[in-house]
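1. pasting the sequence and the predicted model now:
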Amino acid sequence: MRTLHVGLRVTDLERALEFYRALGFEVVGTVPGTPLGDLTMLKLPDDEFVTIELVSQASGGSDRQLSGLSHVVIKVESATATIADLASKAIAAEAPAPTGADELWTAWITDPDGNRIELVQWPTGHLDGMTAADFSA
């Protein structure tokens, strides 16, 4: 297991991008219109992988929270095995679901304070994090 990135809800995407770009972050790719909202993936120049996902509401998405933590993303080797292990520890998880690509599965758990954690099982051979290659056509 490893942490992939942190999702942060932002109320004004352009303002947030200006701030994070000033810190040195660069946009790697975007995913518009997800159930969470519009996603903008950021990384630092010396990082190989995405470390921050900005979640904005430009095209809808849920209205759970306007700003702050959206979710933490953790890579797991096997979504099914991880969920079974968590169940043995009395941690309930949504059933893992494929996301359209071979072997790419996601599932969600919630910590005691309501913070959501996304568990991701990458396809075989995928790098340990998200890169610009994940957003190429």
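-> Perfect, I can see it now. Numbers count the residues shown, from 1 in each chain.
2. for the chain, which spans come out with low pLDDT?
-> Within the chain, the stretches with pLDDT under 70 are 58-66, 100-102, 113, 137.
3. residue nearest the centroid of it?
-> For the chain, the residue sitting closest to the mean C-alpha position, by C-alpha atoms, centre = their mean, is V73 at 4.8 Å.
4. doesn't that residue belong to a strand?
-> Yes. Per DSSP: H, G, I helix; E, B strand; the rest coil, V73 lies within a strand segment.
5. list the contacts for Y20?
-> Neighbouring residues of Y20 by C-beta atoms under 8 Å, 6 or more residues apart in numbering: 42, 52, 54. To be clear about C-beta, it is placed using only N, CA and C from the backbone, and glycine gets the same treatment.
6. and with 6 Å instead?
-> Residues in contact with Y20 (C-beta atoms under 6 Å, 6 or more residues apart in numbering) are L42.
7. name the next helix or strand downstream of the helix or strand hosting it, please.
-> Under the criterion of DSSP states H and E, Y20 resides in helix 13-22. Beyond helix 13-22 on the C-terminal side, the first helix or strand identified by DSSP H and E is strand 26-34.
8. any idea how far the residue located most distally from the centre of the chain is from G29?
-> Of all residues in the chain, S88 has its C-alpha farthest from the mean position, at 25.0 Å, by C-alpha atoms, centre = their mean. The gap separating S88 from G29 is 36 Å, by C-beta to C-beta, to the nearest Å.
9. just the strands in this structure please.
-> For the chain, the strands defined by DSSP state E occupy 2-9, 26-34, 37-43, 52-56, 68-75, 97-98, 105-110, 116-121.
10. just checking: what are the partner strands of the fifth one?
-> Sheet pairing for strand 68-75, assigned by DSSP bridges, gives strand 2-9 (antiparallel), strand 116-121 (parallel).
11. the longest one now?
-> Using DSSP bridges, the strands paired with strand 26-34 in its sheet are strand 37-43 (antiparallel).
12. relative to strand 52-56, how tilted is the partner strand?
-> Interaxial angle of strand 37-43 relative to strand 52-56 (axes from the mean of the first three to the mean of the last three C-alpha atoms, to 10 degrees): 160 degrees.
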